[in-house]
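Chemist: no sequence on hand, only this structure:
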């Protein structure tokens, strides 16, 4: 199995929306590398004609009626987890920047 | 004040007015205060406990958990009581609703006393990954209590609550139960609703409990099991009841290099107890056991990375930079094995090997009703011993992860102590929905050795 590189770690951190410090990258690189080496051992197992298992209940497509349950949270309760709200809405950081061509 | 160590005796004591629920709460709170250094509780809900105790005392009813003082792992949502998952991300999160298990126990007469420390997000085998400091083992404070349900196991072991709840994704109930010398029970995947429990790895997560006796975890299971309409993986079905002579298998793959001699001796001695009681012992083989840890450390982080994706610091909780090192490691690892170019080699491959592990169990359970095995290769290890080497820590899960991959129930039972005074024990595993057989075997065992629980 190929060794993990710093570029791999940065790429994965970006996918996972984690901002890592230089110290963290330095710490994680060898640790993740040794774990990836270990789990890579599975490549040696013969899995020809074996179906993958994603869960063990044997259930498929569980449906329920499309009804409003009493326990649904009202707006105040739904917003109670954060102080960052305004007029009954969650406040989020801006994802679009102002135009630079004006 | 001496309090009973079982649900049944607690209930009888209350009904006979030998003591009141308020007095019991007094006693547990004073023990919690005296044992602060163990770092078992993240939040103590004393006011609510007194409120409930007064209700119990005013109207003594024949409820299954009447007056049973319970500590919930801080992964269980409790309405109005802070729930952190032992992570700084949720350090000030107060849920607006309670999980199904919490609610059902409450209705059955239980009294919640507080929320227990654990490895943050249930990631760990020692309790040391908590963002609020490690919990200490009540039998020896230099040792870990096991994890991730570290505080829940330590709480029951130290007599800070009568019972407690936990979650088991790869051994997080059975291993700390084993390290702390209490009974720990992981149900069949799909037997108990996970609604209102912080999710770790959704195809593996099970919610279970701790107590001093097998009877107690059975009582709790009967209160919490079954569909609630909020967790679509919960199966509504009849539990298997096995009549006639029982057979217990001894899987040779669990008795290999690295298994400490004292642990091995304890498990084999336990199997002899069963034999004496007329249970037939059968040597069995689960050849794919050696791949379980690798399968687990692909599937579990993959699902962790997905479940922890929801923590964006917008609707509740803090920003993603607040995640601790272990959570970040698992998010990174999981994202890696799911990422383009690696999915087939890791994730899909692991799902296929998972099928082989399940097939091993299915085959063995054609011959035996349960399996007896060690819970961990060693008794409790020292604080700090594995902290800087995540891979070494992951390998502690070697005896427990298979049950989660196969979705089968597991029951950890204490049996004796090591020369250095640390608890020993074993686990029983059975086919899916064979809980009743495991409870029957466990009760038979505790009766046979005349088990009398004791506090350190």
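Modeler: Cool, the structure landed. All values derive from a computational prediction rather than experimental measurement.

Chemist: residue B:86 against residue B:121, yeah?
Modeler: Yes: if you go by C-beta atoms under 8 Å, residue B:86 and residue B:121 touch, sitting 7.5 Å apart. No exception for glycine: its C-beta is placed from N, CA and C like everyone else's.

Chemist: helix or strand for the residue nearest to residue B:259 when sequence neighbours are not counted, just tell me which one.
Modeler: Nearest non-adjacent residue to residue B:259, counting by C-beta to C-beta, 6 or more residues apart in numbering or on different chains: residue B:377, 5.0 Å away. For residue B:377, there is no enclosing helix or strand under DSSP states H and E.

Chemist: and residue B:377, how many neighbours?
Modeler: Per other C-beta atoms under 10 Å in any protein chain shown, the neighbour tally for residue B:377 reads 19.

Chemist: separation between residue B:275 and residue B:210?
Modeler: Distance of residue B:275 to residue B:210, given as C-beta to C-beta, to the nearest Å: 28 Å.

Chemist: which one's more surrounded, these two?
Modeler: Under the criterion of other C-beta under 10 Å, the comparison of residue B:275 against residue B:210 puts residue B:210 first, with 33 against 12.

Chemist: check that one and give its pLDDT.
Modeler: In this prediction, residue B:210 carries a pLDDT score of 98.

Chemist: now do the contacts for it.
Modeler: By C-beta atoms under 8 Å, 6 or more residues apart in numbering or on different chains, the residues touching residue B:210 are B:149, B:152-153, B:155-156, B:163-166, B:173, B:177, B:182-185, B:217.

Chemist: in chain B, where is pLDDT below threshold?
Modeler: Residue ranges of chain B with pLDDT under 70: B:239-240, B:242.

Chemist: where along it do the helices fall?
Modeler: Here chain B has its helices, by DSSP state H, at B:7-15, B:21-34, B:46-58, B:100-107, B:150-157, B:174-180, B:214-224, B:261-276, B:292-307, B:325-338, B:349-364, B:390-395, B:401-406, B:435-448.

Chemist: and for chain B, the residue most distant from the center?
Modeler: Distance from the C-alpha centroid of chain B peaks at residue B:341, with 35.6 Å (C-alpha atoms, centre = their mean).

Chemist: against chain A, how distant is it?
Modeler: In this view, residue B:341 and chain A are 11 Å apart by C-beta to the nearest C-beta, to the nearest Å.

Chemist: then residue B:434?
Modeler: For residue B:434, the distance to chain A equals 14 Å [C-beta to the nearest C-beta].

Chemist: same check on residue B:171?
Modeler: Per C-beta to the nearest C-beta, residue B:171 is found 16 Å from chain A.

Chemist: would you agree that residue is in contact with residue B:125?
Modeler: Yes: the pair residue B:171 and residue B:125 qualifies as a contact (C-beta under 8 Å) at a distance of 7.0 Å.

Chemist: of these two, who's got more company?
Modeler: For residue B:171 and residue B:125, the more surrounded residue by other C-beta under 10 Å is residue B:171, and the numbers stand at 32 against 28.

Chemist: need the contact list for the more buried one.
Modeler: Contacts of residue B:171 by C-beta under 8 Å, 6+ apart are B:125, B:375-376, B:397, B:399-401, B:403-404.

Chemist: phi first, then psi, for it.
Modeler: Backbone torsions of residue B:171, given as degrees, to the nearest 10, read phi 130, psi 10.

Chemist: spell out which parts of the stretch 151-300 of chain B neighbour chain A.
Modeler: Residues of the stretch 151-300 of chain B found near chain A (C-beta under 8 Å from any C-beta of the partner chain) are B:189-190, B:203, B:229, B:232-233, B:235, B:288, B:291, B:294-295, B:297-298.

Chemist: residue B:306 versus the residue nearest the centre of chain A, what's the distance?
Modeler: Compute the mean C-alpha point of chain A, and by C-alpha atoms, centre = their mean the closest residue is residue A:16, 5.7 Å away. Distance, residue A:16 to residue B:306, by C-beta to C-beta: 10 Å.

Chemist: residue B:134 now?
Modeler: Distance, residue B:134 to residue B:306, using C-beta to C-beta: 28 Å.

Chemist: tell me which of those two has more neighbours.
Modeler: Neighbour count, other C-beta under 10 Å: between residue B:134 and residue B:306, residue B:134 has more, with 23 against 16.

Chemist: with adjacent residues omitted, what lies nearest to that one?
Modeler: residue B:128 (4.4 Å).

Chemist: give the contact list for that neighbour.
Modeler: Residue B:128 makes contacts with B:119, B:134, B:144, B:147, B:383-384, B:387, as judged by C-beta under 8 Å, 6+ apart.

Chemist: same question, residue B:252
Modeler: B:283-285.

Chemist: most surrounded residue in the residues you listed?
Modeler: Top of the contacts of residue B:252 by neighbour count (other C-beta under 10 Å): residue B:284, with 20 neighbours.

Chemist: is that residue in contact with residue B:249, as I believe?
Modeler: Yes: judged on C-beta under 8 Å, residue B:284 makes contact with residue B:249 at a distance of 3.7 Å.

Chemist: who touches both of those two?
Modeler: Common contacts of residue B:284 and residue B:249 (C-beta under 8 Å, 6+ apart): B:364, B:367-368, B:371.

Chemist: need the max-distance pair from the residues you listed.
Modeler: The span of these, defined through C-beta to C-beta, is set by B:367 and B:371 at 10.4 Å.

Chemist: give me the common contacts of those two.
Modeler: With C-beta under 8 Å, 6+ apart, residue B:367 and residue B:371 have common neighbours B:249, B:284.

Chemist: okay, those two: which has more neighbours?
Modeler: Legend: neighbour count by other C-beta under 10 Å for residue B:367 and residue B:371, higher for residue B:371 (25 against 10).

Chemist: and that one, what are its bridge partners?
Modeler: Counting by DSSP bridges, residue B:371 forms beta bridges with residue B:249, residue B:429.
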